[in-house]
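Sequence plus predicted model, see below.
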Amino acid sequence: MPSRQLSLSPVQETLLLTLYARALDSTAPNPILGDPLAAAVADRIAEDTGYDFAKLKLKPSLVAGTALRAGKLDHVIHQFITTHPDAVVVDLGCGLDTRLARCAPPAGVGWYDVDFPEVTDLRRRYLPDDRSHLVATDVTEPHWARALPHDRPAMIVADGLLPFLPGDSFQTMIRQLTARLPTGELALNGYTRFAAWAMKYHPTIKALGIDAAQGFDDPHEPEHWNAGLTLVAEQLLTRAPEVAAFPQPVRALTRLMARSTAMSRQGTRILHYRF
Ligand SMILES: C[S@@+](CC[C@H](N)C(=O)[O-])C[C@H]1O[C@@H](n2cnc3c(N)ncnc32)[C@H](O)[C@@H]1O
């Protein structure tokens, strides 16, 4: 019998979608990310609350893409904390991602998981062993970044957050962060304007009733946000070697898309900047 309730807004509920995608990936014959903790957390939520993850009807393409982008972002973080063992990692819109466990940062790294209070409460419940600092805030609020140390190199990551922030609030937030933090890097999964717009029509997102959307096409665009960002790399994930592990027919379709840069940009891409 479910003993608890999940009270999440539609935007917050999207965290279950990405969590479940990583959970499904972990039980696939050829996992791309391989995150068994994600599956354990999803199982516990289903037991506690009766949440029906199957209703999300996740397509294999979404499972593979979510797992792959998580792995690529982990890799960027891993490189940063290897060269900056005193770094601060800031995971914006962290949801119930088990990224800290996957990245296993050295003790000198300060890890900050940022999301709405309803979500940080869930993290306390379902990821009690994480040693992260939880920052319970709406990231579009102006002063929350004061919760972060301002004297250490910072790795900012935003996995699946961009399309949920209305208007230009994503860039305003990044401007505030880079003004506070002395130096560092930003990594996110980018959405083109079309991809962000089209996401509203994704059956799951539509069912959750979400319509905020934002994206940008040119990976250099954030260099003009007055946030001191310089593009380090744009990775088009249609061309990643891990696509070999995608199930068919997703693999064949992804390889077809990989032939065109314009098409690949509409799929998942990792954007990496320094400031
Ligand atoms: C698609 S989920 C991704 C969660 C997580 N990054 C992952 O990969 O599993 C989007 C997350 O962004 C958070 N989010 C959206 N808008 C936000 C805001 N204004 N302030 C804080 N968090 C926000 C949601 O609560 C949710 O956890």
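Yes, it's here. Numbering: from 1, shown residues only.

Return the residues of the stretch 1-150 of the chain in contact with the ligand.
Applying Cβ under 6 Å from any ligand atom, we find that the stretch 1-150 of the chain lies next to the ligand at 11-12, 14-15, 18-19, 93-95, 97, 115-116, 119, 138-140. Bear in mind the C-beta positions are built from the backbone N, C-alpha and C, glycine included.

pretty sure residue 146 is in a strand, no?
No - using DSSP: H, G, I helix; E, B strand; the rest coil, the assignment for residue 146 is helix, not a strand.

count of neighbours near it?
A count of neighbours around residue 146, defined by other Cβ atoms under 10 Å, yields 10.

Equivalent analysis for residue 160, please.
Neighbours of residue 160 using other Cβ under 10 Å come to 23.

That one and residue 93 touch, don't they?
Yes - with contact defined as Cβ atoms under 8 Å, residue 160 counts as touching residue 93 (6.6 Å).

State the pair within the residues of the stretch 1-150 of the chain next to the ligand that is farthest apart.
Greatest spatial distance among those (Cβ to Cβ): 19 and 140, at 22.7 Å.

Which one's more surrounded, these two?
With other Cβ under 10 Å as the criterion, residue 19 and residue 140 differ in neighbour count, and residue 19 comes out ahead with 24 against 13.

Torsion angles phi and psi at the nearest residue to residue 191 once chain neighbours are set aside?
Leaving aside its sequence neighbours, residue 191 sits nearest to residue 215 (Cβ to Cβ, 6 or more residues apart in numbering; 3.7 Å). Dihedral pair for residue 215: phi -160, psi 180, per degrees, to the nearest 10.

Let me see the contact set for residue 215.
Residue 215 makes contact with 162-163, 190-197, according to Cβ atoms under 8 Å, 6 or more residues apart in numbering.

at 7 Å what do you get?
Contacts for residue 215 (Cβ atoms under 7 Å, 6 or more residues apart in numbering) come out as 162-163, 191-193, 195-196.

Just the ones of the residues you listed in strands?
Residues of the contacts of residue 215 located in strands (DSSP state E): none.

Is there a quick PyMOL command that grabs whichever of the residues you listed are buried?
Selection of buried members from the contacts of residue 215 for PyMOL, criterion 16 or more other Cβ atoms under 10 Å:
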select buried, resi 162+163+191+192+195+196
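
from the contacts of residue 215, which is closest to the ligand?
Set against the ligand, the nearest of the contacts of residue 215 by Cβ to the nearest ligand atom is residue 163 (8.4 Å).

ok, the closest one touching residue 198?
No - here residue 163 does not reach residue 198: they are 10.0 Å apart, not a contact under Cβ atoms under 7 Å.

Let's verify residue 271: helix, strand, or coil?
Following three-state DSSP, the label given to residue 271 is strand.

Name whatever forms a beta bridge with it.
Using DSSP bridges, the bridge partners assigned to residue 271 are residue 188, residue 234.

Distance of it relative to residue 43?
33 Å (Cβ to Cβ, to the nearest Å).

can you check residue 19 too?
Distance, residue 19 to residue 43, by Cβ to Cβ: 11 Å.

And residue 68, by the same measure?
23 Å.

coming back round to it: so which of residue 271 and residue 43 has more stuff around it?
Shown here are residue 271 and residue 43; by other Cβ under 10 Å, residue 271 has more neighbours (23 against 12).

what's near enough to touch that one?
Residue 271 neighbours (Cβ under 7 Å, 6+ apart): 188, 190, 219, 234.

Of all those residues, the one with the weakest confidence?
Of all these, residue 190 carries the smallest pLDDT score, 91.

wouldn't that residue be in contact with residue 272 here?
No - the pair residue 190 / residue 272 is not scored as a contact, 9.9 Å apart, by Cβ under 7 Å.

Settle it for me: which of those two has more neighbours?
More neighbours surround residue 190 than the other of residue 190 and residue 272, with 26 against 20 (other Cβ under 10 Å).
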